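S.K.: please work out how this folds:
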Amino acid sequence: MRKSRFTEQQIIGFLKQAEASMPIAELCRQGGFSDATFYKWRAKYGGMDAEEARRLKDLESENAKLKKLLAEAHLDIEALKVAFRVK
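M.R.: Numbering: from 1, shown residues only. Sure thing, here's the model as predicted:
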């Protein structure tokens, strides 16, 4: 997944500007991102503050590490099953 050029704090700032009745098209033009990106951010970060967004990012990275460890464990188990298969 491509890393965003905007931090969570910046994204939440854009969302708060939109809530303060700034037109979304104008906000997107000034920020340099598309309408679709804004709506995707709103779906993900809507109603959060910066601390909650930071915690969400930490949880997502921890989840990715755990998924990787689980996949590696399943590969090890499968390799052992293949190696010690009795005929």
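
S.K.: all strands for this protein, in order.
M.R.: For the chain, applying DSSP state E gives no strands.

S.K.: show me the shaky parts of it.
M.R.: In the predicted model, the chain carries pLDDT under 70 at residues 1, 86-87.

S.K.: quick one: the helices in it?
M.R.: Ranges of helices in the chain, per DSSP state H, are 8-19, 24-31, 35-45, 50-83.

S.K.: taking helix 8-19 as reference, get the angle to the second one.
M.R.: Angular relation of helix 24-31 and helix 8-19 on a 0 to 180 degree scale: 150 degrees, by axes from the mean of the first three to the mean of the last three Cα atoms, to 10 degrees.

S.K.: run through who's touching helix 24-31.
M.R.: Outside helix 24-31, the residues that touch it by Cβ atoms under 8 Å, 6 or more residues apart in numbering are 6, 14, 17-18, 34-35, 37-38. No exception for glycine: its C-beta is placed from N, CA and C like everyone else's.

S.K.: picking up where we left off before, now tabulate the helices of the chain in a markdown table and tack on distance to residue 2.
M.R.: Formatted as a markdown table, those follow (distance: least, Cβ to Cβ, whole Å):
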| stretch | distance to residue 2 |
| --- | --- |
| helix 8-19 | 15 |
| helix 24-31 | 17 |
| helix 35-45 | 12 |
| helix 50-83 | 15 |
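
S.K.: need the winner for burial among these.
M.R.: Among the helices of the chain, the stretch with the highest mean neighbour count (mean count of other Cβ atoms under 10 Å) is helix 8-19, at a mean of 17.

S.K.: for it, list the C-alpha coordinates in CSV.
M.R.: Below are the C-alpha coordinates for helix 8-19, written out as CSV (Å, rounded to 0.1, in the frame of the first residue of the first chain):
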residue,chain,number,x,y,z
GLU,A,8,-3.1,11.9,10.2
GLN,A,9,-3.1,15.4,11.8
GLN,A,10,-3.3,17.0,8.4
ILE,A,11,-6.1,14.8,7.2
ILE,A,12,-8.1,15.5,10.4
GLY,A,13,-7.4,19.2,9.8
PHE,A,14,-8.9,19.0,6.3
LEU,A,15,-11.9,17.2,7.7
LYS,A,16,-12.4,19.8,10.4
GLN,A,17,-12.2,22.6,7.7
ALA,A,18,-14.9,20.8,5.7
GLU,A,19,-17.1,20.6,8.9
